[in-house]
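sequence plus the predicted model coming up.
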Amino acid sequence: MTSRERMDLAMRGRTPDRVPVMCQLALGHYFLRAGLDFVDVWHSSDAFAEALVTLQRRYGFDGILVNLPGRDPRWQRHVARVDDQEGERVITWSNGWCTVAPRDDNPHVFRENGRRWFPAFEDLDPDRLFYVEPHDLSGITYPTCWSFDPTPAVPGDGFFPPWHLDTIRAVVERAGPDLSVHGEVFSPFSQLLELLDVSNGLVALIDDPGKARACLERLTDGAIVLARRQVDAGAHAILISSAFAGAGLIPRPYYEEFVLPFEHRLVSGIHAAHDVPVYTHTCGAIGDRLDLLMATGTNGIDTLDPPPLGTVDLAAAKRATAGRVFIKGNVDPVNTILDGTTEDVRRAARERIAIAGPGGGYVLSTACSVPPHAPPDNILALREVADAVGWYPLPPSEPTS
């Protein structure tokens, strides 16, 4: 069975030949471990595609998540100069903005005043919104302007530039037909909070919930268009990144009002055009809202952070979700993958497979992203355990109290 077939069966709640293994790596991990210039990995579709495939092969993952958009192939024409400063690289652009790029973390764009920029909620016009891409090379802009081009993108079919899907295309070509390749879109709620900055975005929900909902409606439209185009470009599944929807940020009633209806429309909009698995990445404290995530119509739930990072008991999650959605994750990326020993990782992986593997519908993974400085041997141990004990039929899991 190929990795693509294995992942597809697991994501559809069925039983493959063995438990698949697929982790999302922090971008800083690609910067440190791919053997490429870290600035190129962030700024170049080709370099990021090479980094994705290189580390997938190194760690034996059954799939790749393409979690950056394609890049303008002529991005360097906007560069005024590049400086090395105390372990960081600073790119100064021709418009006076600069990107500060650490070697082990996400770069950020700063305006002429030395600050990151976010629009005020009162200045937003919902009709001028379509999709917010916080990882664009120019950072947050409103109205959206792509990659230092000062011309605002027009909401609708021509909103996304032609190179926006270049990374997915490159990964599909390099990885070959046997690997599962996943695209990523930001949920409408995540887009709004990224656009306004998180604290301001949360305040906006209270100050003017009607306008917030109008913004979310428009951002749903753009996410549907982008997800469909990612599948057209070769993606075999779509991840909805909904990182700000856990209990640490919003209570259940806010989830029901500002997240659930828009993610439901997003999932339905993707499924209306393509029969591909769609799953949701929500990290942190989500043990109290697995039912709400499932109500969006998603095919799977990703991260399932265990204590102390989150609130998910894997056995309880397996019981609650069995037969309805697949589940992915629950291995602690910090206390086990980053700070633990290789034997700690093996023990955790065996436990997760024993609990969630029986009956299918489970993908072995870290709960959230693999940290930048995680030891490669610890990551490799996940696949080693799956190869040792993850083959079906697995013994039924023992009941837990």
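Good, I have the coordinates. Just so you know, these numbers come straight off a predicted model, no measurement behind them. Numbering: from 1, shown residues only.

any weak-confidence spans in the stretch 251-400 of the chain?
Residues of the stretch 251-400 of the chain meeting the criterion pLDDT under 70: 398-400.

hmm, 80 instead?
The stretch 251-400 of the chain contains residues with pLDDT under 80 at 397-400.

what sits against Ala204?
Ala204 sits next to Phe121, Leu192, Leu196, Lys211, Ala212 when contact means C-beta atoms under 8 Å, 6 or more residues apart in numbering. In this view, the C-beta of every residue, glycine as well, is placed from N, C-alpha and C.

helix or strand: which one has it?
helix 198-207 (DSSP states H and E).

report the buried residues of that helix.
Buried residues in helix 198-207, counted by 16 or more other C-beta atoms under 10 Å: Asn200, Gly201, Leu202, Ala204, Leu205.

quick one: the helices in the stretch 251-400 of the chain?
Taking DSSP state H, counting those that start in this stretch, the helices of the stretch 251-400 of the chain run over residues 252-258, 260-273, 290-295, 314-321, 342-356, 376-389.

quick one: the shortest one to chain centroid distance?
Put plainly, it is helix 290-295. 18 Å (C-alpha atoms, centre = their mean, to the nearest Å).

also the longest one?
The chain centroid and the centroid of helix 342-356 are separated by 23 Å under C-alpha atoms, centre = their mean.

list the contacts of it.
Helix 342-356 is contacted by residues 19, 314-315, 317-318, 327, 330-332, 336-337, 340, 362, 364, 375, 377-378, 381-382, 384-386, 389-390, 394-395, 397-398, 400 when judged by C-beta under 8 Å, 6+ apart.

go on, the second one?
Among residues not part of helix 260-273, those counted as contacts by C-beta under 8 Å, 6+ apart are 185, 187-189, 216-217, 219-220, 223-224, 227-228, 231, 238, 240, 242, 276, 278, 280, 292, 295-299.

okay if I get the helices of the stretch 251-400 of the chain as JSON lines plus distance to Asp62 and mean neighbour count?
Shown next, in JSON lines, are the helices of the stretch 251-400 of the chain (distance: least, C-beta to C-beta, whole Å; neighbours: other C-beta atoms under 10 Å):
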{"stretch": "helix 252-258", "distance to Asp62": "31", "mean neighbour count": "17"}
{"stretch": "helix 260-273", "distance to Asp62": "22", "mean neighbour count": "19"}
{"stretch": "helix 290-295", "distance to Asp62": "23", "mean neighbour count": "17"}
{"stretch": "helix 314-321", "distance to Asp62": "20", "mean neighbour count": "18"}
{"stretch": "helix 342-356", "distance to Asp62": "14", "mean neighbour count": "20"}
{"stretch": "helix 376-389", "distance to Asp62": "9", "mean neighbour count": "19"}
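
between these, which gets nearest to Asp40?
For the helices of the stretch 251-400 of the chain, the distance to Asp40 is smallest for helix 376-389, at 20.9 Å, taking C-beta to C-beta.

just to revisit the earlier point, return the closest of the buried residues of helix 198-207 with respect to Asp46.
Comparing the buried residues of helix 198-207 against Asp46 with C-beta to C-beta places Gly201 closest, at 33.5 Å.

now do the contacts for the nearest residue in space to the closest one that is not next to it in sequence.
Spatial nearest neighbour of Gly201, excluding adjacent residues (C-beta to C-beta, 6 or more residues apart in numbering): Leu193 at 3.7 Å. Contact analysis of Leu193 by C-beta under 8 Å, 6+ apart lists Gly201, Leu202, Phe244.
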